[in-house]
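Student: got a sequence here, can you model it:
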Amino acid sequence: MIVFNYIFIFIGLLSHAIVAKSSPIVGSLVWKEVSGEVCREVGERPSSSLLDRVVLNEIMADPTPVVHLPDREYLELYNAGELAVNLKGWSLGLGTKKKLLPEVVIPAKGYLLVAAVGGGGADLKSFGSVLELSGFGITNTGMALTLANTAGLTVDSLPYDPSMHRKGAEAGGYSLERIDPDRLCGSVGNWATSIAEAGGTPGKVNSVQATNTDRQPPAIVQSVWKEPSGLTIQWSEPILWQGRFTDHLFIRPEGPQIDSVKWDPASELLTLWFLKGSLVNGVDYQGYFQGIRDECGNAAEGLSVPFGIYHPAKGDVRINEVLFHPFPGGSEFIELFNNSGHTIDLNGMWLALRDDNGDLKTKYPVSELSQRMADQSYLVLTKSISGITRFYKTPCEACLLQRDKLPVLSDQAATIVLMADEGTLIDEMHYDEGMHHPAMTETAGISLERAAASDGASKASWHSASADVGYATPGYPNSAELPKERTDQRVTLDPSCFSPNGDGFHDQMKILLKVPEADWILNITILNYAGTVIRKLVQNELAGTRSVWEWDGLNADNQRVIPGIYLLNISLFHPSGKHELFRLSCVVTDRL
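Tutor: Numbers count the residues shown, from 1 in each chain. This next block holds a predicted model:
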């Protein structure tokens, strides 16, 4: 009998394909015959009547800093069964190493400590039986641990990782203990950091021992599309596949044909390969899973994963906003806008700068995972999300993607290039500090925005973000975007009669301004009915094509004005020489 660590299933009309065939059940393992060999698919351990009930029970991978136990690594085995077990011929897997176990007997409900040769046994002997193994060691960064019986069947396993410890304990000194020795499935959720004063419980009942039934259904953690035709799905835990794989998945719209499937239980990764040409470029597919259960039998419902291929062409994704000179403590960012009419997978797209010769410098992936960007959506790439949220309004924080490595933007000038894997140039823009509005004497913290995502990449398409939005619009429409509809009502007061008395009703007046293009400089002056200036509300600020300003009813001395009629002088100047002036009146009252 050959037991595989993972399975390849071929589906289709091929002569070797698996067809509708019943799968014999042994205990709670699912087995399937392929070409005369027995191939273990995946599943929880067979029942205790079929296998000896020896389990991995406690792990001391990093004993330093010492709490109250010896400075020795150890792995504790526990016999949860009713009969003694001789481990001769068994094997212990430590990552890629396999250690054969000698003749040693663990009594029923008894413990065995496994340690390295050379002092470890003597130090631990006071805690119980010790087996010294040459080359024994558990890496602090984590490793796969497996225990197999004389037949080569895995009796217990654990993908040990220090992150399984409670916060602070991963630094060392405390063991990781099994919670429920009778739970034979969902291993990762059955371990916790020791709460014993000594830092562990070698040779005795674990400090965290309790009934710990797994009732959490499996979930899809993430999916990654890999060209040309592979979809890898990361699951939250091992899955108990039963019957044919095609019984568990259906795809809408119909069309994609699965060529082969690989399930790797060690990493909980499911990979699907599709027949070449069966996926249509630009079609968004959805894979729906049904009949999914974990090793403990918990059923998952409503699981689905989107996938598909779309090879973006030039102009499909635009460089839409760039902050190349951030505030001190802030972070540069590059904003992308999907203008394609399709959902696009960002995996396989790259950003780079051009050197002085026009050649591409280092390329940086936009995303190393399968990250799908919906049509008409924004994505902001930055090295520090907090370096954006500290300074700017971010109504779509899900649009912010932090990347460790991105092109470093010069404060003076650079050329940014967006391209696809196959070398397709998707977009390119050149910026320099002189592209900011001429009235801007200080440009730190002010982004350059594209006037409209459908415009070309000429310098005339780029403008400084306006003051009313805080000088940047990461993840939402640019302040420089042209209004979609034109109206003769350029200035609106809302409401034109307001009562700044703090009762929460019409305490401020909004001044809504619409201008036909970007780069207008705005001034708003408020006068009383006698013509005396009482406040300069806005002074030489850059206005967006649609901007909103507020008057709270206070004068220049921060005092509330008396009720009455007030005049607003609103003046606009454009670098082209155009000048516009609006005069409106409003009423301040004591109550409404």
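
Student: tally of neighbours for Asp468?
Tutor: 20 (other C-beta atoms under 10 Å). C-beta coordinates here come from the backbone N, C-alpha and C atoms, glycine included.

Student: whoops, Lys226 was the one
Tutor: There are 13 residues near Lys226, going by other C-beta under 10 Å.

Student: surely it is in contact with Thr232?
Tutor: Yes: counting by C-beta atoms under 8 Å, Thr232 is a contact partner of Lys226 at 6.4 Å.

Student: quick one: buried residues of stretch 409-425?
Tutor: 409, 414-420 (16 or more other C-beta atoms under 10 Å).

Student: what's that stretch in contact with?
Tutor: Residues from elsewhere that reach stretch 409-425 (C-beta atoms under 8 Å, 6 or more residues apart in numbering): 227, 311-314, 317, 319, 322, 324-325, 332, 334, 336, 348-354, 360, 363, 366, 407, 426-433.

Student: now the buried members of these.
Tutor: By 16+ other C-beta under 10 Å, those give 311-312, 317, 319, 322, 324-325, 332, 334, 336, 348-353, 366, 407, 426-427, 429, 431 as buried.

Student: sorry, back to before: narrow the contacts of stretch 409-425 to those in strands?
Tutor: Residues of the contacts of stretch 409-425 located in strands (DSSP state E): 317, 319, 322, 334, 336, 349-353, 426-432.

Student: from the buried residues of stretch 409-425, pick the one nearest Asn79.
Tutor: Set against Asn79, the nearest of the buried residues of stretch 409-425 by C-beta to C-beta is Ala420 (57.5 Å).

Student: state the distance from the closest one to Leu351.
Tutor: 11 Å (C-beta to C-beta, to the nearest Å).

Student: what about the stretch 251-400 of the chain, any weak spots by pLDDT?
Tutor: Residue ranges of the stretch 251-400 of the chain with pLDDT under 70: 266.

Student: same list, the buried residues of stretch 409-425, but as TSV with secondary structure please.
Tutor: As requested, the buried residues of stretch 409-425 are arranged in TSV below (DSSP: H, G, I helix; E, B strand; the rest coil):
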residue	secondary structure
Leu409	coil
Ala414	strand
Thr415	strand
Ile416	strand
Val417	strand
Leu418	strand
Met419	strand
Ala420	strand
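
Student: would you turn the residues you listed into CSV with pLDDT and distance to Ala439?
Tutor: Compiled in CSV, those are given as follows (pLDDT from 0 to 100; distance: C-beta to C-beta, whole Å):
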residue, pLDDT, distance to Ala439
Leu409, 96, 23
Ala414, 95, 23
Thr415, 95, 26
Ile416, 96, 25
Val417, 96, 30
Leu418, 96, 30
Met419, 95, 35
Ala420, 90, 39
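
Student: adding distance to Val380, write those out as a markdown table.
Tutor: Converted to a markdown table, the buried residues of stretch 409-425 look like this (distance: C-beta to C-beta, whole Å):
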| residue | distance to Val380 |
| --- | --- |
| Leu409 | 14 |
| Ala414 | 18 |
| Thr415 | 20 |
| Ile416 | 14 |
| Val417 | 18 |
| Leu418 | 14 |
| Met419 | 19 |
| Ala420 | 20 |
